[in-house]
Structures are given as C-alpha cells and as structure tokens.
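# what would the 3D arrangement of this be:
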Amino acid sequence: MQKIVDFSKYSSIKIGPKVRINIVNQICDIPKDWLIIGGCNNTLLPPNPPPIAMLGEEFSFIKKDGDFLHVGAATSGGRVLSFARKNNLKGFEILQKLPGLIGGIVKMNAGLKEWEIGKIVKKVRTKSGWIERDKIGFKYRDSGIDELIFEVVFEAKSGFDEELFKMFKNLRENQPNEPSCGSCFKNPPNDFAGRLLEESGFRGKRIGNVAFSQKHANFLVNLGGGTYDEAVELIELAKDEVFKRFGVRLEEEILVVEKTMI
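Predicted coordinates for the structure are as follows:
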C-alpha cells in the first residue's frame, strides 16, 4: 500500500518534498535502502529523498495487560499520555508536549533533562522478535536499536504525577512556536548545546528563511518557506564555529537525511 505525503505540511519543520511513500501494515522485512519515518518530528528531508516507509494504522493501539501497557509503534505520544493520565499510570508524564510516535520516541530515547522514556520500557518488538530491556542499549538520546520498532511494552505502575506533568508542560512552553525539528544538537558531556551556540553568536542566526531561534539557540526553525539547503548550511556553519571556539564537535539530535543521486 502507498500514499502521497507532502512533507512541507506533514513534517514538524515544514520542509520536504511531496512524494509517494510505502505503508507497512504487517511485521515484515523492510528493504535496507528505505527510510523509515514516524511523525517526522525530528527529521530534515531533502528534495530527493530515498524511498520512504511508515507504519500503518494496524500499529496504532494501546492495550493494558495487568502490570504492562502494550503500545503500537504508530501510536502518538499524546494519545499514550492521555491514556496514562486517565488510568493513573506513572512514568508517562515525560510525554507532555513531546511530539512524535511511540516507535520513534523510544528509538531515540526521547526525554527532557534527566527524564527519559527508556526508563519505563519493558521490551520492544522488531522483525527479529522481542528485545528485553536488559538487551536494549538505552543511553542519552539513543536506544541502540537499529531495526524498525513495531510494538513497545511499558511498565504500567500506578501513580501518575500531576506536579511532574505540570513541570514538563511549563518547561516546554519555553520552546519556540515556529515550525521546528526540536533540539538540533545533542548536549555534549557536562555542557549544553544551547549555551555553546548562543556564545558562538547563533541565537537568531539566519540563512534565508531558516534560523536558530531567538527563544532557544538550539532550536532550528523555519521562518516560512525555508529550504533543506538553507538548513544544512546553517547546521554546518554552527558546528564549525562551535568547534573553532570551544573545540567541541556538536552532534545532531535531528536526523538530516542526505540527498539521493538522481
């Protein structure tokens, strides 16, 4: 099954082509040259991307089974948060205003400060089968999983924390409102990418219609009509300048997809 998606509307940064993508409706092998996307919330697509696939509605579900919560990888984080709050399940507060689908959220071990989604994951299902938590290499903004995730099982313990929920809401309200991929760079050890960028003069730095936000220097934003090439040029400029000033090599938190040869 296929469908046409306009990524200038679908992606969170509102940059990308209008292309036909493949819809995966069952657990199966995925060609290695396919790009797998979810909500496209941390992905920068070029005008001529590789073949793209995404999970279908069959993988959008939530099922509680005793002390565990089974969630399809195509389920939105917001939907899981609503379910957890309604059913008094703790550990899901981190999903407040965290965009994306569960598969991608878990794969990149998304979070905020010291809170990460991986802390409540019990196991994940890929084409190879179930991977238990102790076999998953969760670390800062990474799970070590190199396969497509089809389903995630979470611990489902009682005690939804309303204060923590409010704290995450307040923290994320300080983020920019313009179309964005979220944090552009990972925080280097014992430092913050935003600080390095700001001190390197990148708060508000702009190339064409893409800029680092005036509100938060580590957010790459589309000011309207921004392009892939403008975004990549600005990202590379920032990396070079931060390395020149501080000797720190910033690593992208967003996925910058390279152009394919056509």
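# going by C-alpha atoms from here, please, whenever you check contacts or count neighbours.
Will do.
# isn't S183 right next to L220, touching?
Yes. Using CA atoms under 8 Å as the test, S183 is close enough to L220 to be in contact (7.2 Å).
# neighbour-wise, which of the two wins?
Between S183 and L220, counting by other CA atoms under 10 Å, L220 is the more crowded of the two (30 against 20).
# leaving out chain neighbours, which residue sits closest to the more buried one?
F212 (4.6 Å; CA to CA, 6 or more residues apart in numbering).
# mind checking pLDDT for the one you found?
We note a pLDDT of 97 for F212 in this prediction.
# can you count the residues close to it?
One way to gauge burial is a neighbour count; for F212, by other CA under 10 Å, it gives 30.
# now the closest residue in space to L223 that isn't next to it in sequence: how far from V257?
The shortest distance from L223 to any non-neighbouring residue, by CA to CA, 6+ apart, is to N209 (5.1 Å). In this structure, N209 lies at 19 Å from V257, with CA to CA, to the nearest Å as the measure.
# same check on G208?
20 Å.
# what's the answer for A217, then?
22 Å.
# just N88 next, same as before
In this structure, N88 and V257 are separated by 39 Å, where distance is defined by CA to CA.
# who's in contact with the closest residue in space to L35 that isn't next to it in sequence?
In space, L35 comes closest to I52 once its chain neighbours are excluded; the distance is 4.7 Å by CA to CA, 6+ apart. Contacts here follow CA atoms under 8 Å, 6 or more residues apart in numbering; on that basis I52 touches R20, I21, N22, W34, L35, I36, I37.
# and those, which of them are buried?
I21, N22, L35, I36, I37 (16 or more other CA atoms under 10 Å).
# which of A217 and V257 has more neighbours?
A217 (26 against 16).
# that one and G194 touch, don't they?
Yes. Under the criterion of CA under 8 Å, A217 makes contact with G194 at 5.1 Å.
# got the phi and psi for the residue lying closest to S158 once chain neighbours are set aside?
Once flanking residues are discounted, S158 sits nearest to L89: 4.6 Å by CA to CA, 6+ apart. The phi/psi pair for L89 (degrees, to the nearest 10) reads phi -110, psi 130.
# contacting residues for S76?
If you count contacts by CA under 8 Å, 6+ apart, S76 has them with S60, P99, G100, L101, I102.
# identify the farthest-apart pair in these.
Between all members of these, the longest pairwise span (CA to CA) is found for S60 and P99 and amounts to 15.3 Å.
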